[in-house]
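>>> Next input, structure requested:
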Amino acid sequence: MTSENKTKTLRDRPAMRWLALVIVAATMMFGYFFTDIMSPLEELLTAPKGGAEGLGLGWSSDDYGFFSGSYSFFNVFLLMLFFGGIILDKFGIRITGIISTVLMFLGAIIKWYAVSNTFEGTMFGYQMQVIVACLGFATYGVGCEIAGITISKVIVKWFTGYELALAMGIQVALARLGTAAAFGLALPFAKAFGGVSASVALGAALLCAGVIAFIGYCFMDKKLDAQAAAASSEKEEGFKFADLKKLFTCKGFWLITLLCLMFYAGVFPFLKFATKLMITKYGVAENIAGLIPAMLPFGTIILTPLFGALYDKKGKGATLMLIGSILMTLVHVVFALPNLGSWVLAVVVILVLGVAFGLVPSAMWPSVPKVIPMQLLGTAYALIFYIQNIGLALVPILIGKVNGASTENGVTNYTPSMAIFAAFGICAIIIAFLLKVEDKKAHYGLEEPNKK
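Numbering: from 1, shown residues only. The predicted model follows:
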């Protein structure tokens, strides 16, 4: 056996690194399914109690907006996501991953309990059922976001020097498959099996499977660490709090972070309201309205890995992010225009948004390791996700209030809320352009291929 063979690890074997990807990506796919399981159910949630064939819960638009934003409450206001990144860099992938997936499942159980029971009274002006559901969703949000940064670091660990952007693209694609499944299945499943609680229970069951899957991955991770330690005479540099200065003073990192905030503020909160938009503005039948927003993640299932492979081979990461931001802005401008009520137009525009949704993530997430060293990567992803969560927490609340104020006789005028989403897109364009300029100055290599 040659010395070269002795130094090979699991990550150098294509079958093993792709197996690791499939396991952790499946965990996040189940997570994204649960994240959006309530989005297609807004019609049932806001139907009067006893209405919608006895499935209505009697929530208001304000209740639904508050609930949608609650996903990020603990992450933003208690800094849980930021601390999660430090824990990831300090204690490693296995401990952090198990904690985060268990939190996801626990939050799902609380949310299922909330929508399965009737509660008396109010708190902070919201029904107690909404408050308990928010508690569960916020707990789940902590676990899901920390799991997200953990799995991002897993992929960097296994694929650096190989098909990094393609691997991240596939992970994102499977996550979008989870989102698409939620939009396509949640409403029919709820109507067939007894209401909102049935769909939430299905999501919780999948999250339990995700916990088991990640525990299985931990055995692979432990073996890889042992092999890497045996193959290298140099001890890997660990996390030190003093190194945070490198993170906080990196201009490229902050531009990526702000781009993430603005781009995702224009996509994920939009999806929370997209099903009812299709029903109200474009006249799509209630039973199939969720299928149009579902086209967005279905498109990214193909496009994100495709653009990721392009980034691996040809580079142009900063350019891909700029193009995606422009496309997203154009989409929301079209949605904001009044007197354009064709469902065909809605389908076309959603497909264009799907292209944007494939372009930006496929280039953005693999660009972070080019800017930030490995020992700070967990904290870097955590800080990006933390800033992103500010948008995910506040934007749905804002849109819920704007839609409520724009509703007369049960009909919502979506022009004001879509104009807000378009403004996020304009900000994303400006930031992406500045990132492209900064890359030329600092030589991050964002325009260079990932494969060595």
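
>>> Does P188 touch N287 like I think?
Yes. At 6.9 Å, P188 counts as touching N287 under the criterion of CB atoms under 8 Å. C-beta coordinates here come from the backbone N, C-alpha and C atoms, glycine included.

>>> So which of the two has more stuff around it?
Counted by other CB atoms under 10 Å, P188 and N287 do not tie: P188 has more neighbours, with 14 against 11.

>>> So what's the model's average confidence on the one helix or strand the more buried one maps to?
In the assignment (DSSP states H and E), P188 maps to helix 164-193. The average pLDDT within helix 164-193 is 89.

>>> wouldn't F82 be in contact with A382 here?
Yes. Assessed by CB under 8 Å, F82 is found in contact with A382 at 5.5 Å.

>>> residues contacting the closest residue to F298 other than its chain neighbours?
Nearest residue to F298, sequence neighbours excluded (CB to CB, 6 or more residues apart in numbering): A180, at 4.8 Å. By CB atoms under 8 Å, 6 or more residues apart in numbering, A180 lies in contact with 294-298, 301.

>>> can you rerun that using 6 Å?
By CB atoms under 6 Å, 6 or more residues apart in numbering, the contact set of A180 is 294, 297-298.

>>> Out of those, flag the one nearest to A428.
Taking CB to CB as the measure, A428 sits nearest to P297 out of these, at 19.1 Å.

>>> Please enumerate the helices of the stretch 301-450 of the chain.
317-336, 343-371, 377-405, 415-442 (DSSP state H, counting those that start in this stretch).

>>> closest one to G107 among those helices?
Using CB to CB as the measure, helix 377-405 is the one of those that comes nearest G107, at 14.5 Å.

>>> Can you list the residue ranges for strands in the stretch 51-200 of the chain?
122-123, 126-127 (DSSP state E, counting those that start in this stretch).

>>> which of the ones you listed is buried the deepest?
strand 126-127 (a mean of 18; mean count of other CB atoms under 10 Å).

>>> Walk me through which strands that one pairs with, and which way each runs.
For strand 126-127, the paired strands and their directions (DSSP bridges) read strand 122-123 (antiparallel).

>>> and for the strand it pairs with, what are the contacting residues?
Contact partners of strand 122-123, identified using CB under 6 Å, 6+ apart, comprise I131.

>>> mind checking how far it is from the chain centre?
Centroid separation for strand 122-123 versus its chain: 30 Å, with CA atoms, centre = their mean, to the nearest Å.

>>> try stretch 31-43
13 Å.

>>> what's the span of that stretch, first residue to last?
23 Å (CA to CA, to the nearest Å).

>>> Which helix runs longest in this structure?
helix 196-231 (DSSP state H).

>>> relative orientation of that one and helix 164-193 in degrees?
Relative orientation of helix 196-231 and helix 164-193, computed by axes from the mean of the first three to the mean of the last three CA atoms, to 10 degrees: 160 degrees.

>>> Any buried residues in helix 196-231, and which?
Using 16 or more other CB atoms under 10 Å as the test for burial, helix 196-231 gives 196-204, 206-208, 210-211, 213-215, 217, 220-221, 224-225, 227.

>>> got the contact list for V156?
Counting by CB under 6 Å, 6+ apart, the residues that V156 touches are P369.

>>> Going forward, count from 28.
New numbering, starting at 28: the last item is V183.

>>> how close does it get to S394?
Counting by CB to CB, to the nearest Å, the gap from V183 to S394 is 11 Å.

>>> Could you do L330 as well?
Going from L330 to S394 by CB to CB gives 17 Å.

>>> likewise A255?
Remark: distance between A255 and S394 (CB to CB) = 24 Å.

>>> swap in M445?
Distance of M445 to S394, computed by CB to CB: 29 Å.

>>> Helices of the stretch 78-227 of the chain, start to end?
For the stretch 78-227 of the chain, the helices defined by DSSP H, counting those that start in this stretch occupy 78-81, 88-96, 100-104, 107-118, 120-143, 155-186, 191-220, 223-258.

>>> In a markdown table: the ones you listed, plus distance to G418.
Shown next, in a markdown table, are the helices of the stretch 78-227 of the chain (distance: least, CB to CB, whole Å):
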| stretch | distance to G418 |
| --- | --- |
| helix 78-81 | 31 |
| helix 88-96 | 10 |
| helix 100-104 | 9 |
| helix 107-118 | 13 |
| helix 120-143 | 20 |
| helix 155-186 | 13 |
| helix 191-220 | 17 |
| helix 223-258 | 23 |
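
>>> out of the ones you listed, which comes closest to F60?
Closest among these, once you apply CB to CB, is helix 191-220, at 3.8 Å.

>>> List the buried residues of that closest one.
Using 16+ other CB under 10 Å as the test for burial, helix 191-220 gives 191-214, 216-218.

>>> returning to what we had before: of F109 and A409, who's got more company?
Comparing F109 with A409 by other CB under 10 Å, the one with more neighbours is A409, at 29 against 18.

>>> The more buried one touches I176, doesn't it?
Yes. Assessed by CB atoms under 6 Å, A409 is found in contact with I176 at 5.0 Å.

>>> Check the contact lists of those two and give me the overlap.
G112.

>>> still on that earlier bit, more neighbours: M445 and S394, which one.
Neighbours were tallied for M445 and for S394 using other CB under 10 Å; the higher tally belongs to S394 (27 against 24).

>>> State the pLDDT value of that one.
93.

>>> try A53
Note for A53: predicted pLDDT of 96.

>>> what's the neighbour count on V464?
By other CB under 10 Å, 11 other residues sit near V464.

>>> picking up where we left off before, pick out the shakiest of the strands of the stretch 78-227 of the chain, pLDDT-wise.
Mean pLDDT values for the strands of the stretch 78-227 of the chain show the minimum at strand 149-150, a mean of 86.

>>> now the closest residue to M355 other than its chain neighbours: how far from Y441?
Using CB to CB, 6+ apart and skipping the chain neighbours, the partner closest in space to M355 is A383 (4.2 Å). Going from A383 to Y441 by CB to CB gives 19 Å.

>>> again with V183
V183 is 39 Å from Y441, where distance means CB to CB.

>>> cool, A74 as well?
Taken as CB to CB, the span from A74 to Y441 is 20 Å.

>>> rewinding a little: please identify which of A383 and Y441 sits among more neighbours.
Between A383 and Y441, counted using other CB under 10 Å, A383 has the larger neighbour count: 27 against 23.
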